[in-house]
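Asks: The following block contains a protein sequence and its predicted model.
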Amino acid sequence: MRKPDAGKVLVCPHCLSRDLHFTGDLLGARYECRECGYAGALVLEVEEGFDAEAEKAE
Ligand SMILES: [Zn+2]
């Protein structure tokens, strides 16, 4: 299991929500997003002060 570095948070690569639920096991990491339903091993690791709302507003 991988833990984010201090000052980092994991966010959903699809909707950038921080509401991720870890569902991995010994075979590998896996996350589920409670915001958009995304499920997979790939998540983004961002700085604590990351502003997801500003990123989405393109
Ligand atoms: Zn999501």
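Replies: Thanks, I have it. Residues are numbered from 1 along each chain as shown.

Asks: who in this protein is up against the ion?
Replies: Contacts of the chain with the ion, taken as C-beta under 5 Å from the ion, map to 12, 14, 15, 17, 33, 35, 36, 38. C-beta: built from backbone N, CA, C; applies to glycine.

Asks: Which one (most neighbours) among those residues?
Replies: For the residues of the chain next to the ion, the largest neighbour count, defined by other C-beta atoms under 10 Å, is 24 neighbours, found at residue 12.

Asks: Would you agree that one is in contact with residue 43?
Replies: Yes - contact criterion C-beta atoms under 8 Å: residue 12 and residue 43 qualify, at 6.6 Å.

Asks: Narrow the residues of the chain next to the ion to those in strands?
Replies: residue 33 (DSSP state E).

Asks: Give the bridge partners for residue 31, please.
Replies: residue 22, residue 40 (DSSP bridges).

Asks: roughly how far apart are residue 53 and residue 10?
Replies: Per C-beta to C-beta, to the nearest Å, residue 53 is found 17 Å from residue 10.

Asks: Between those two, point out the one with more neighbours.
Replies: Higher neighbour count among residue 53 and residue 10: residue 10, with 17 against 7, using other C-beta under 10 Å.

Asks: And the pLDDT at residue 24?
Replies: As predicted, residue 24 sits at a pLDDT of 89.

Asks: lowest-pLDDT helix or strand in this protein?
Replies: Every helix and strand in the chain was compared by mean pLDDT, DSSP states H and E; the lowest is helix 52-56, with a mean of 69.

Asks: Pull the contacting residues for residue 15.
Replies: 33, 35, 36, 38, 56 (C-beta atoms under 8 Å, 6 or more residues apart in numbering).

Asks: Done for today, thanks.
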